[in-house]
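Student: heads up, no residue letters with this:
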């Protein structure tokens, strides 16, 4: 995995260690839009999106001068690194445009070298089908077996290419999201997660980005992680998961049992 953790602890993407960013940003954008309206006059019309509208946020962010697109295909700010969210206000108000920023990656390939699955197939080219963030968040079905070992103990997303970027040396924790940090999400107990029923899942993840991946997706990922890092002690809970009525969970639990047994010499 990309982080040091205790045995049977899972890693989740850094942004998911906070309450859902949509809510915090939506409130802030509403306040900012009101200020724009007051300056522009009643005739101006405005609306905003937080990763929710048909808008190419990354490309517009680059054109608006927020930063440049890195070789990992994410937006990078020379002031903030690449640890930030992008949202937008669309308005008819006439505003002075900022200049777009040129690329500052140079010869650096840190993000490409850091990717566990080789998803960054070339500079500025991402094969999403190989990306661990896609595989553990967006993919609804079975994770291809060829990628499961590389997932390690990640159960929601992957930060490796972002963490490798040297522009992060200037970054600090943002003021907006700091109050919403969930310290209990920094590391996740894989065995505990594997026991969650639907009600338990909702109680733990309500109001967080992980809620939208649903129980079937998170427990699928937990099974893969246990298959990669677990010892023989995880076989009983995995056997219970293999009897789960959700086929996606059961299939990945069976795979994990096989991996643990191979590693422990049981088969």
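Tutor: Thanks, I have it. All values derive from a computational prediction rather than experimental measurement.
Student: can you tell me the closest non-neighbouring residue to the most centrally placed residue in the chain?
Tutor: In the chain, the residue lying closest to the centroid (C-alpha atoms, centre = their mean) is residue 157, at 3.9 Å. In space, and not counting its chain neighbours, residue 157 is closest to residue 13: 2.8 Å by C-beta to C-beta, 6 or more residues apart in numbering. Using the backbone N, CA and C atoms, a C-beta is placed for each residue, glycine as well.
Student: relative to residue 104, how far out is that neighbour?
Tutor: Distance, residue 13 to residue 104, by C-beta to C-beta, to the nearest Å: 24 Å.
Student: where along this structure do the helices fall?
Tutor: In the chain, the helices defined using DSSP state H lie at 21-40, 57-63, 110-114, 132-133, 148-151, 160-163, 190-194, 198-205, 214-229, 235-242, 247-264.
Student: tell me which of the ones you listed is the most buried.
Tutor: Mean neighbour counts were taken over the helices of the chain using mean count of other C-beta atoms under 10 Å, and the top value, a mean of 25, falls to helix 214-229.
Student: which strands or helices does the lowest-mean-pLDDT helix or strand in the chain pack on?
Tutor: Each helix and strand of the chain was given a mean pLDDT (mean pLDDT, DSSP states H and E); the minimum falls on helix 21-40 at a mean of 86. Judged by 3 or more C-beta pairs under 8 Å, 6 or more residues apart in numbering; DSSP states H and E, helix 21-40 is in contact with strand 46-49, strand 88-91.
Student: give me the number of residues near residue 165?
Tutor: As a burial measure, residue 165 scores 22 neighbours (other C-beta atoms under 10 Å).
Student: could you find the closest non-adjacent residue to it?
Tutor: Of all residues beyond its chain neighbours, the one nearest residue 165 is residue 82 (5.2 Å), with distances taken as C-beta to C-beta, 6+ apart.
Student: cool, residue 74 as well?
Tutor: Spatial nearest neighbour of residue 74, excluding adjacent residues (C-beta to C-beta, 6+ apart): residue 82 at 5.1 Å.
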